[in-house]
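1. sequence first, then the predicted structure, then my questions.
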Amino acid sequence: MIFEELDSKMRRIEKAQDNLIPKNCFLCARLDGRGFSRFTEDNFEKPYDFRFYRYMTETLTHLMSCGFNILIGYTQSDEISLLFHPADDTYNHKTRKLLSVLAGEASGFFSIRSGTPVSFDCRLIPLPDEQSVKDYFAWRQEDLHRNSLDSYCYYAMIKDGMSRTDAAEILSGKKPDYKIKLLSEEYGIKYDSLPDWQKSGCIIYHKTETYNGTNKKTGEPVIYTRRELERNEQLPTGEAFGNYILSFLKEN
Ligand SMILES: Nc1nc2c(ncn2[C@@H]2O[C@H](COP(=O)(O)OP(=O)(O)O)[C@@H](O)[C@H]2O)c(=O)[nH]1
Ligand SMILES: [Mg+2]
């Protein structure tokens with residue numbers, strides 16, 4: 001078979017699996033560490049470790065600077081959510097390119113930072129409207145709230161010598177108020193006083209800063225702007241968090 005015939009036959013077969021994200025939606029990607037329960041077990045403080053969190057925020061910063069136009073990124077636990085800028089059209093939003101490049105960039109970056117080969121999976125979520133954008137981020141933040149309270153209770157009991165089965169059984173079906181009281185009265189941990197990043201996560205966003213400078217050729221004073229990454233680790237919660245996320249869509 002001559003090359004041109006083979007090339008066109010094989011490309012047709014390959015392209016049959018190519019999907020595109022629809023244009024009329026807000027595109028979100030979520031990356032999640034693969035097998036991180038096991039990976040974190042031996043390498044990091046339980047339930048939360050600032051070094052692990054730093055690797056996650058650095059990986060998020062990397063994802064926001066690696067060639068896509070990302071409006072905001074949110075990280076909690078071992079996951080990262082990226083909200084694409086409505087104007088982004090990288091790779092024509094071909095799913096296989098977005099999925100593989102984002103997962104590859106996150107896996108490579110985190111592995112180098114942590115010194116251990118790890119990987120992230122990635123999914124794409126086409127959100128149909130602004131309300132779904134609000135709901136999506138409120139959902140991921142609420143997931144953290146629940147997990148952080150559970151994890152603090154669970155590991156306080158384990159560190160106190162309780163078996164994993166007993167600790168899980170005590171927490172099963174209990175309301176948040178019970179868990180907050182248990183932490184405070186039995187273990188002296190005030191849930192409200194724990195660091196915000198452990199309970200609400202972190203948002204990274206672009207900010208345009210204005211600077212005064214000098215034109216090197218003419219010596220004239222000039223004002224210039226630069227797009228920089230900022231982080232917010234004191235996030236609002238619930239409905240207010242959803243509205244905070246929407247404010248970025250309205251600004252841009
Ligand atoms: N030790 C430690 N573990 C963490 C930290 N942040 C997230 N994790 C763990 O990462 C895991 C994330 O959950 P999940 O994605 O469902 O588990 P996976 O499927 O094994 O990756 C949980 O077991 C968390 O306890 C941290 O700061 N320290
Ligand atoms: Mg995971």
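-> In hand now; what should we look at? Residues are numbered from 1 along each chain as shown. Ligands and ions are numbered 1, 2, ... in the order given.
2. buried residues in whichever strand or helix holds Leu249?
-> Counting by DSSP states H and E, the element that carries Leu249 is helix 238-251. Across helix 238-251, burial judged by 16 or more other CB atoms under 10 Å covers Phe241, Gly242, Tyr244, Ile245, Phe248, Leu249. All C-beta spots, glycine's among them, are computed from the backbone N, C-alpha and C.
3. so Tyr224, which of the three states?
-> strand (DSSP: H, G, I helix; E, B strand; the rest coil).
4. what sits up against the helix holding Leu249?
-> 26, 71-72, 83, 86, 130, 133-135, 137-138, 141-142, 200, 203, 205, 235-236 (CB atoms under 8 Å, 6 or more residues apart in numbering).
5. mind naming the longest helix for the chain?
-> helix 130-159 (DSSP state H).
6. distance between that helix and the chain's centre?
-> 13 Å (CA atoms, centre = their mean, to the nearest Å).
7. what of stretch 236-252?
-> Centre-to-centre, stretch 236-252 and its host chain are 16 Å apart (CA atoms, centre = their mean).
8. how deep is the residue of the stretch 151-252 of the chain found nearest ligand 1 tucked in, by neighbour count?
-> With CB to the nearest ligand atom, the shortest gap between the stretch 151-252 of the chain and ligand 1 falls at Ser151, namely 5.9 Å. Neighbour count for Ser151, taken as other CB atoms under 10 Å: 17.
9. then Phe120?
-> Neighbour count of Phe120, defined by other CB under 10 Å: 25.
10. ok, it touching Phe109?
-> No: Phe120 lies out of contact with Phe109 (CB atoms under 8 Å); the separation is 9.5 Å.
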